[in-house]
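Chemist: kindly generate the corresponding structure for this input.
(2 chains)
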2 protein chains.
Amino acid sequence: MAASENSSRDLGEFSKQINLDSVRDALIRQEDSIIFSLIERAQHPYNAPAYGNLAYGTSLVEFFVKEAEALHAKAGRYHNPEEVPFFPEDLPLSLIPPYIFPPVLHPAASSVNISKKIWDVYFKELLPLFTSNGDDGKYAPTLASDLICLQALSRRIHYGKFVAEVKFRDAPQDYSTHIHTKDKDALMKMLTFERVEEMVKKRVEKKAKVFGQQVTIEDKCGEVDYKVDPSVVSHMYGEWIMPLTKLVEVEYLLRRLD
Amino acid sequence: MAASENSSRDLGEFSKQINLDSVRDALIRQEDSIIFSLIERAQHPYNAPAYGNLAYGTSLVEFFVKEAEALHAKAGRYHNPEEVPFFPEDLPLSLIPPYIFPPVLHPAASSVNISKKIWDVYFKELLPLFTSNGDDGKYAPTLASDLICLQALSRRIHYGKFVAEVKFRDAPQDYSTHIHTKDKDALMKMLTFERVEEMVKKRVEKKAKVFGQQVTIEDKCGEVDYKVDPSVVSHMYGEWIMPLTKLVEVEYLLRRLD
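Modeler: Here you go, the predicted structure:
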């Protein structure tokens, strides 16, 4: 196995390479993955039986995601600080040697985890917005698609830790004042750029149009039928995805000086 | 659980609704899923450690796909005749009541399975064509992406059973002659429409351009950098995906009168 070949790299140098541009590029690429995952989930209707309870109490979806995360843990998923499990309890050890990711995050703050909130938002708020009523019987592909949506959203939202770290490094004095006084509102204000947020909403709406169109050899005119309503994607970003990312940023900063 | 609510439907009526148009629409929608899955896999480099052997002999990827298929089986994936596992041995039972899919396929022919060939083609031929050299340490997301590519390709290729069933129903006499004499070449010739295949290749190339572009708020001019080379996707369809689908069609037809 070549999995720990990277241990000889200069990880300290590497961790300095992260900056606002690289963080922004990562978030932009993650938009594509999120929109692909929504489009794939939307090819199935809501499929209520996928969310019913099993004989022994837990729901099928909870069972499915727990088991999938255990499998991913065996393949080393959670060595990567970008990946946060929904069910961190009793995850099995990796079967392969750990790859050493560059230490970017402040250790005391790196464990911020709002997975439970993301889980609730996904199933209660988002899923009903982009799936139709009905049951096509394809519960395993439905759950597999939910898993991919959940992981893509969680990665994006928890990436707020990297955003916050980079912003903190750029202006440690300005942030420290509010961190010392635990002033969440002031921190949230420092992290909020309405113009940027409007631009993100516009971009994801455009991406949903591009990726969700029916592509034919001849260019079509007139009515276009998108696989996921582009304005819904923009709304999701404005109402949940960006606010939850900023919540992660604030929680991270509050522990940044611990 | 409402999983078997559908058992009272007139499944016989339902199975008659499948026709060349509905089969073609399904194949066209599956192109989108295949291209999304390739684009997602291509964001990681080849990642050799994901394919190394574990201490006890099997490779990590084989372990990962076997375990994932076992989990999907528990959620009823293989009740659906469109879904064919790569490792059908010892799959666990579903934890939920079976959804009754309309009986479309001829029972004696429905078990055609070329998964081993698809596995080999994917890892030996396709994967090196659309991934770069390198190792980003993200082995679990890499394997999860491989699984999605494999499942999407397998569903498309094994959908040849439905294609063949519909074509057989349209012209049973013409096919029966060659089925009785087991004339594979004549059957392959009857199933081959070069004009249609060229059109599919053009369409998937266009889809790879649309879905694989970097979408920005401003429309760009000049050089476009695609996430997966569109000509590679067209080549994959022409060299492997369509020929393997036709192989499934021929194998299905050979058993259609059993």
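
Chemist: hmm, the longest helix anywhere in chain A touching chain B?
Modeler: Secondary structure of chain A per DSSP state H: the longest helix is helix A:20-42. Yes: judged by C-beta under 8 Å from any C-beta of the partner chain, helix A:20-42 comes into contact with chain B at A:29, A:32, A:33, A:36, A:39, A:40. For every residue, glycine as well, the C-beta is placed using N, CA and C.

Chemist: kindly export the next helix or strand after that helix (C-alpha atoms) in PDB.
Modeler: Reading on from helix A:20-42 to the C-terminus, the next helix or strand found by DSSP states H and E is helix A:60-74. Coordinates of each C-alpha in helix A:60-74 appear next as PDB, following Å, rounded to 0.1, in the frame of the first residue of the first chain:
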ATOM      1  CA  LEU A  60     -34.500   2.300   7.100                       C
ATOM      2  CA  VAL A  61     -32.700   5.500   6.100                       C
ATOM      3  CA  GLU A  62     -30.900   5.800   9.500                       C
ATOM      4  CA  PHE A  63     -29.800   2.200   9.200                       C
ATOM      5  CA  PHE A  64     -28.600   2.700   5.600                       C
ATOM      6  CA  VAL A  65     -26.600   5.800   6.300                       C
ATOM      7  CA  LYS A  66     -25.000   4.300   9.500                       C
ATOM      8  CA  GLU A  67     -24.000   1.200   7.700                       C
ATOM      9  CA  ALA A  68     -22.700   3.200   4.700                       C
ATOM     10  CA  GLU A  69     -20.600   5.400   7.000                       C
ATOM     11  CA  ALA A  70     -19.100   2.300   8.700                       C
ATOM     12  CA  LEU A  71     -18.100   1.000   5.300                       C
ATOM     13  CA  HIS A  72     -16.600   4.400   4.300                       C
ATOM     14  CA  ALA A  73     -14.700   4.500   7.600                       C
ATOM     15  CA  LYS A  74     -13.100   1.200   6.800                       C
END
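
Chemist: what does helix A:60-74 rub up against?
Modeler: If you take C-beta atoms under 8 Å, 6 or more residues apart in numbering or on different chains as the criterion, helix A:60-74 is touched by A:49-54, A:77-78, A:85-87, A:91-95, A:123, A:139, A:143-144, A:146-147, A:150, B:63-64, B:67-68, B:71, B:74-75, B:95-96, B:140, B:144.

Chemist: so what does the longest helix of chain A touch, helix or strand wise?
Modeler: Here helix A:20-42 touches helix A:127-130, helix A:139-158, helix A:160-170, helix A:194-211, helix B:20-42, going by 3 or more C-beta pairs under 8 Å, 6 or more residues apart in numbering or on different chains; DSSP states H and E.

Chemist: apply 10 Å and report the result again.
Modeler: helix A:127-130, helix A:139-158, helix A:160-170, helix A:194-211, helix A:230-236, helix B:20-42, helix B:139-158, helix B:194-211 (3 or more C-beta pairs under 10 Å, 6 or more residues apart in numbering or on different chains; DSSP states H and E).

Chemist: between those helices, which gets nearest to residue B:174?
Modeler: Proximity to residue B:174, assessed across the helices and strands packed on helix A:20-42 by C-beta to C-beta, is greatest for helix B:20-42 (14.9 Å).

Chemist: hang on, isn't residue A:158 packed against residue A:152?
Modeler: No: using C-beta atoms under 10 Å, residue A:158 is not in contact with residue A:152, being 11.2 Å away.

Chemist: quick one, which of these two is more surrounded?
Modeler: Comparing residue A:158 with residue A:152 by other C-beta atoms under 10 Å in any protein chain shown, the one with more neighbours is residue A:158, at 23 against 20.

Chemist: burial count for the closest residue to the more buried one other than its chain neighbours?
Modeler: The shortest distance from residue A:158 to any non-neighbouring residue, by C-beta to C-beta, 6 or more residues apart in numbering or on different chains, is to residue A:84 (4.7 Å). Around residue A:84 there are 24 other residues, counting by other C-beta under 10 Å.

Chemist: quick one: residue A:84 is in a helix?
Modeler: No: assigned with DSSP: H, G, I helix; E, B strand; the rest coil, residue A:84 falls outside any helix and is coil.

Chemist: quick one: it and residue A:113 touch, right?
Modeler: Yes: counting by C-beta under 10 Å, residue A:84 touches residue A:113, with 5.5 Å between them.

Chemist: which residues touch the closest residue to residue A:232 other than its chain neighbours?
Modeler: Spatial nearest neighbour of residue A:232, excluding adjacent residues (C-beta to C-beta, 6+ apart): residue A:129 at 5.2 Å. Applying C-beta atoms under 10 Å, 6 or more residues apart in numbering or on different chains to residue A:129 gives the contacts A:38, A:42, A:228, A:229, A:232, A:233, A:235, A:236, A:239.

Chemist: reformat those residues as a markdown table; add pLDDT.
Modeler: Below are the contacts of residue A:129 laid out as a markdown table (pLDDT from 0 to 100):
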| residue | pLDDT |
| --- | --- |
| A:38 | 98 |
| A:42 | 98 |
| A:228 | 98 |
| A:229 | 98 |
| A:232 | 98 |
| A:233 | 98 |
| A:235 | 98 |
| A:236 | 98 |
| A:239 | 98 |
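
Chemist: between which two of those is the distance greatest?
Modeler: The farthest-apart pair in the contacts of residue A:129, when distances are taken by C-beta to C-beta, is A:42 and A:239, at 18.2 Å.

Chemist: the two: who's more crowded?
Modeler: Taking other C-beta under 10 Å, residue A:42 and residue A:239 do not tie; residue A:42 has more neighbours (21 against 15).

Chemist: which ones are touching the more buried one?
Modeler: Residue A:42 is in contact with A:127, A:129-132, A:145, A:149, A:212, A:226-229, A:232, counting by C-beta under 10 Å, 6+ apart.

Chemist: nearest to chain B, of those?
Modeler: Chain B has its nearest neighbour among these in residue A:227, at 8.0 Å by C-beta to the nearest C-beta.

Chemist: can you report how many residues lie near residue A:77?
Modeler: The local packing of residue A:77 (other C-beta under 10 Å) involves 24 other residues.

Chemist: for the closest residue to it other than its chain neighbours, give me its contacts.
Modeler: Spatially, and ignoring its direct neighbours in sequence, residue A:77 is nearest to residue B:140 (3.4 Å; C-beta to C-beta, 6+ apart). Listed by C-beta under 10 Å, 6+ apart, the contact partners of residue B:140 are A:69, A:71-80, A:83, A:94, A:96, A:151, B:50, B:60, B:64.

Chemist: next: residue A:96.
Modeler: A:1, A:3-4, A:74-76, A:79, B:49-50, B:52, B:54-55, B:60, B:139-140.

Chemist: follow-up on the earlier one: got the residues of helix A:20-42 next to chain B as CSV, with distance to residue B:249, pLDDT and neighbour count columns?
Modeler: Shown next, in CSV, are the residues of helix A:20-42 next to chain B (distance: C-beta to C-beta, whole Å; pLDDT from 0 to 100; neighbours: other C-beta atoms under 10 Å in any protein chain shown):
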residue, distance to residue B:249, pLDDT, neighbour count
A:29, 38, 97, 12
A:32, 34, 98, 24
A:33, 34, 98, 21
A:36, 29, 98, 24
A:39, 29, 98, 22
A:40, 26, 98, 24
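
Chemist: close to chain B: what parts of the stretch 101-250 of chain A are there?
Modeler: Selection of the stretch 101-250 of chain A residues close to chain B by C-beta under 10 Å from any C-beta of the partner chain yields A:101-102, A:135-145, A:147-148, A:151-152, A:155, A:199-200, A:202-217, A:219, A:227.

Chemist: buried only: go through those for me.
Modeler: A:101-102, A:135-145, A:147-148, A:151-152, A:155, A:200, A:203-213, A:215, A:227 (16 or more other C-beta atoms under 10 Å in any protein chain shown).

Chemist: derive a ChimeraX selection command for the buried subset of the contacts of helix A:60-74.
Modeler: Buried subset of those, written as a ChimeraX selection, criterion 16+ other C-beta under 10 Å:
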select /A:49,50,51,77,78,85,86,87,91,94,95,139,143,144,146,147,150 /B:63,64,67,68,71,74,75,95,96,140,144
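
Chemist: so residue A:248 touches residue A:111, yeah?
Modeler: No: using C-beta under 10 Å, residue A:248 is not in contact with residue A:111; the gap is 11.4 Å.
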